[in-house]
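Enquirer: Show me how the following folds:
(2 chains)
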Amino acid sequence: MSRNRRWIPAVLAPVIVAGSVLGFSVQANASIDLPDKSASQILQMINTNPDIAFSGRIVKKASMGLPPMNIVPDISQSMIDEAAKRMPKEMSDFLPKASAQGELALALEFFAGTHTANIYVDGVDKARLQVLDLLSERDYIRNGNQLWSYDAGKSLAQHSVVSEAEVAQAESEARSLFSRNSGKLPFDYTSPAAVAEYVLNEAGKYSTITVASDAKIADRGAYQITITPKGSQSLVASATLSIDAATGLPLAARVMAVGQSTPAFEVAFETITFTKPAASNFNFTPPAGTRIKEVVAPTKADILREIAKAPKAPSEGEARKQLEDLAAQGWGAVAVIPAAQVPAELRLLQVNNNLYKEFTKPVSGGRVFTSALMNIFFADNGDVYAGSVTVARLLEVAAE
Amino acid sequence: MSRVNFLQGFATLVRSELSVLFRRRRTWAMLATIACIPIFLAIAVQLSGSTIPPGEGPPFLDRVSQNGLFVGFTAMILAIPLFLPLTIGVVAGDTIAGEASTGTLRYLLVAPVSRVRLLVVKFIGASVFAIAATATLMITGIIVGLILFPVGPVTLLSGDVISIPAALLRIALVAAYVTISLMGLSAVGLFISTLTVIPVGAMAATVVVSTVSQILATLPQLEVIHPYLLTYNWLGFADLLRAPMDFHSFAMNSLLQISYIVIFGSAAYSRFTTKDVLS
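Expert: This is a model prediction of the structure:
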């Protein structure tokens, strides 16, 4: 063999490996052609029967264009300060800029990065979400009237019992409310086609709804509908929903932001099987050594009391008017929260949390928080303006 | 040469390679160092006395004092970023360059041994060392755990509790997972070793590859290439500690490591078979 020919494997091997990776992804995303359906027919297909069993793996990817910063979840400010004391000054760049704990950390996590979870569903009252963290795991399990959440990293389990009587009562109240008012509905609710047509007509006022090309998701054929906002004020470029052709279960949702080529938010099944998951998936017994926190599910009375405590709860009429105003603005809608109605917790956050300063930048008359899908303007007078619109539009609304 | 003779000759070569590898004091010193990781970890936890609050220190550390079987898992998490790649770097980096530097490579090739076979034998040697390294760590972990701590049914990440034999099976699977990861690095080391006659250079370069790969994985700007990095799935063995057992990362990691073995194995072949062996 000549010397030159001996170099062939070194060149070929990477090509073959790259080729098979590419071939695999092409096959996974291979185009697929399902029998044509109209947008209305696809909407009617969406599964509304809760008595369905499946299990699968979900991947969530968010690329919200948040300011790059190192937030370490679940580190308290005091821990950061302590670390700062011990570290040489030159290394201060490596310190987390801000702390995020509890619900705030959870919210930030949801809107950043990639997460993988397994989901198991068996009918209405058995479900489990298993969030696969690196070297750790979080589980959220419902088995009948038992609710469990388990965090392996913190070795903490939370338990709650759903009161079946309360659920049944709420359901029957909702049903009677619906049957009393169903006559006022602008469509015939007994006909799925009529409902779909109504939704399409209403949405069509502000958006273009198109049937996108059929897709292969989690190795299954799926119909896709894409909603594109009309007008140029929105930050949303388009939103796409993918629906399994065989079962009508939504398999993926994707939101594209203006000026961004990767989806701002995407959640999709990577694998799915429509078989009944093993019962062991829903059985949870807290392991020895776990801290157990009993969480009492709020009763109707509790909820009413909480609502009454809200600052200056708007009356039904006011609320309806606000909602209608919002709807009339379409995708350019801006929600305005007058200073008096801003919750005290948020106020506090603005005063003494570094996170707020890191996440917002000053503009004339206040500070703005910007992300790929949502902008928020915190005016100096305390009013808050939020919407999926450009900063210019927010400031315009604030100036009115 | 008949087929039987070929196989016999190959087996003899492998045997002699392994006996040279495991007669070296350096090999035993490295295995002893690896064994020290779970030992020191367990002693430190034992001496500290106080129970570590959950969520502090390396993952699983808080479980060690409650169940000795966690010593091996925690030691594995500590060892995989640096200690294990370091030992693999020494063994794989030395394969060809070591023979070249001591002048034995010429003699090896004068005997009717094809260069391809020599490469394969060297890779097998490095892989056997990888198995020995992960087994040493896990078995020492189990023994130390048995001596210092109570041992009982093991709590998985999902909160389910499994029996001791089932836990031992998972420990073996974790060791297999890490061994496969180290075999990918061995192939890189083997290739680097064909580039030079200075073994220390090849050893250092191999460790640098694993370290650089881990650093690249922390840069969010390079997210696109992350899934193709050698070390991308190295910590994914935790998926074996879930219920139901999740083999997804096991399969993905194996595919990734095999790709690295194919690419760097071929590169090593091309380089080594065209090289002028002068020493």
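
Enquirer: what stretches of chain B score poorly on pLDDT?
Expert: Counting by pLDDT under 70, the ranges of chain B that qualify are B:1-2, B:49-59, B:112, B:278-279.

Enquirer: Closest to the centroid, which residue in chain B?
Expert: B:L182 (3.4 Å; C-alpha atoms, centre = their mean).

Enquirer: secondary structure element for it?
Expert: Counting by DSSP states H and E, the element that carries B:L182 is helix B:164-195.

Enquirer: can you list the residues that contact the helix or strand following that helix?
Expert: The first helix or strand that comes after helix B:164-195 along the chain, using DSSP H and E, is helix B:199-216. For helix B:199-216, the external contacting residues (C-beta atoms under 8 Å, 6 or more residues apart in numbering or on different chains) are B:81-82, B:85-86, B:88-90, B:92-94, B:96-98, B:101, B:185, B:188-189, B:192-193, B:195-196, B:222, B:225-226, B:229-231, B:234. Bear in mind the C-beta positions are built from the backbone N, C-alpha and C, glycine included.

Enquirer: Could you rerun that using 7 Å?
Expert: By C-beta atoms under 7 Å, 6 or more residues apart in numbering or on different chains, the residues outside helix B:199-216 that reach it are B:81, B:85-86, B:89-90, B:92-94, B:97-98, B:101, B:185, B:188-189, B:192-193, B:196, B:222, B:229-231.

Enquirer: same thing with stretch A:26-46?
Expert: Contacts with stretch A:26-46, where a contact means C-beta under 7 Å, 6+ apart, come from A:192-193, A:196-197, A:199-200, A:209, A:211, A:214-216, A:221, A:223, A:225, A:243, A:245, A:248, A:250.

Enquirer: and it, how far apart are its ends?
Expert: One end of stretch A:26-46 to the other measures 27 Å (C-alpha to C-alpha, to the nearest Å).

Enquirer: Now do the SS call for the closest residue to chain B within the stretch 251-400 of chain A.
Expert: The nearest approach of the stretch 251-400 of chain A to chain B comes at A:P287, 4.0 Å away (C-beta to the nearest C-beta). Three-state assignment for A:P287 (DSSP: H, G, I helix; E, B strand; the rest coil): coil.

Enquirer: Next, give phi and psi for the residue lying closest to it once chain neighbours are set aside.
Expert: Nearest non-adjacent residue to A:P287, counting by C-beta to C-beta, 6 or more residues apart in numbering or on different chains: B:T155, 4.0 Å away. Per-residue torsions, B:T155: phi -90, psi 120 (degrees, to the nearest 10).

Enquirer: Could you do A:I225 as well?
Expert: Recorded main-chain torsions at A:I225 are phi -120, psi 140, according to degrees, to the nearest 10.

Enquirer: so what pLDDT did it get?
Expert: At A:I225 the predicted local distance difference test score is 93.

Enquirer: What separation do you get for it and A:G231?
Expert: Taken as C-beta to C-beta, to the nearest Å, the spacing of A:I225 relative to A:G231 amounts to 20 Å.

Enquirer: phi, psi of A:L129?
Expert: Note on A:L129: its backbone torsions stand at phi -110, psi 120 [degrees, to the nearest 10].

Enquirer: Is it bridged to anything, and to what?
Expert: The residues paired with A:L129 through beta bridges, assigned by DSSP bridges, are A:I119, A:Y140.

Enquirer: quick one on the thing from earlier: can you flag the buried ones in the contacts of helix B:199-216?
Expert: Applying 16 or more other C-beta atoms under 10 Å in any protein chain shown to the contacts of helix B:199-216, the neighbour count classes B:85-86, B:89-90, B:92-94, B:97-98, B:101, B:185, B:188-189, B:192-193, B:196, B:229-231 as buried.

Enquirer: okay, A:I225 and A:G231: which has more neighbours?
Expert: Remark: of A:I225 and A:G231, A:I225 carries more neighbours, 21 against 11, as counted by other C-beta atoms under 10 Å in any protein chain shown.

Enquirer: distance of that one from chain B?
Expert: A:I225 sits 29 Å away from chain B, taking C-beta to the nearest C-beta, to the nearest Å as the criterion.

Enquirer: Do I have it right that that residue meets A:S207?
Expert: No. At 10.7 Å, A:I225 and A:S207 do not qualify as touching, with contact defined as C-beta atoms under 7 Å.

Enquirer: So is stretch B:233-251 next to chain A?
Expert: Yes. With C-beta under 7 Å from any C-beta of the partner chain as the threshold, stretch B:233-251 lies in contact with chain A, specifically through B:L235, B:A238, B:D239, B:R242.

Enquirer: what about the first one, neighbour count?
Expert: When you say that, I think you mean B:L235. With other C-beta under 10 Å as criterion, B:L235 counts 22.

Enquirer: Can you verify my assumption that it contacts B:F73?
Expert: No. At 11.4 Å, B:L235 and B:F73 do not qualify as touching, with contact defined as C-beta under 7 Å.
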